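>>> Pasting a predicted model and its sequence here:
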Amino acid sequence: MTTLLDELDARIAASPLAAAPLRRVRREFSRRLKTEQPAQVVKLALQLQRRGGMSRRIVACELVHHHRGALASLRARVLEAFGSGLDGWGPVDVFACYLAGPAWREGQVSDALIRRWARSRDRWWRRAALVSTVPLNNRARGGRGDAARTLAVCTMLLADRDDMVVKAMSWALRELAKRDAEAARRFVAAHRAALASRVVREVGNKLATGLKNPRVGARRRGKSA
């Protein structure tokens, strides 16, 4: 595995930080790791991530996500090892969308773990708690819809005015709105006074028009006309 890790690391280092080149590398190594035991895939991914850098974190999380056994093996201790060093919205969103959210959705980690993240003093763990609700509701990410767990986390962070948390709250509620518009609408109506104005505006726009920002959408359509 050490030789494979070094080879993967070199390939990542030679690739630009862009989705398409990194995904080509990840797909190649996913094929090569297809028959490996879950524990070995998780170990390699953690070792890769610990070498540092956003590209390595992306590939590490995707390797686990796309290895069915590795993803299904995640429990709280290992999951939080992948969450170590979260220091920006990019790392948080990769971690939450590819690992934490799917593991939570499938019952591999408890609601209590996500609640603990929501209570953290660290803004990035609080954001991770909210973004972990996205795979509960997003069809493309395997979501089947889960208003109860989504809104439980949102309720815990109603008064949080950290910009990164506010944006995650908007995202969480907009994803819920795609699956259960009435639940999202009732929640915003009930908590309008406590929610950040950005959340009320963006979720309201999503419910009314299907877009977070209809003006931006209109400008883009105008440019392409």
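That came through, no problem.
>>> just for this structure, where's the confidence low?
216-225 (pLDDT under 70).
>>> show me the contacts for the residue minimising distance to the centre of the chain.
A centroid search over the chain (CA atoms, centre = their mean) returns Cys97, at 2.4 Å, as the residue closest to the centre. Shown here is Cys97, whose contacts under the criterion CB atoms under 8 Å, 6 or more residues apart in numbering are 131, 134-135, 141. Just so you know, the C-beta spots here come from the backbone N, C-alpha and C atoms, and that holds for glycine as well.
>>> measure it to Trp124 for me?
To Trp124, Cys97 is 14 Å away according to CB to CB, to the nearest Å.
>>> cool, and Thr150?
Taking CB to CB, one finds Thr150 at 19 Å from Trp124.
>>> and if you look at Ala183?
Counting by CB to CB, the gap from Ala183 to Trp124 is 27 Å.
>>> Name the residue in the two with the higher neighbour count.
Between Ala183 and Trp124, counted using other CB atoms under 10 Å, Trp124 has the larger neighbour count: 21 against 18.
>>> Cross-check the contact I'm expecting between the more buried one and Val165.
No: taking contacts as CB atoms under 8 Å, Trp124 lies outside contact range of Val165: 9.4 Å.
>>> what's the longest helix in this structure?
helix 163-179 (DSSP state H).
>>> I'd like the next helix or strand past that one.
Per DSSP states H and E, helix 163-179 leads on to helix 181-190 as the next helix or strand towards the C-terminus.
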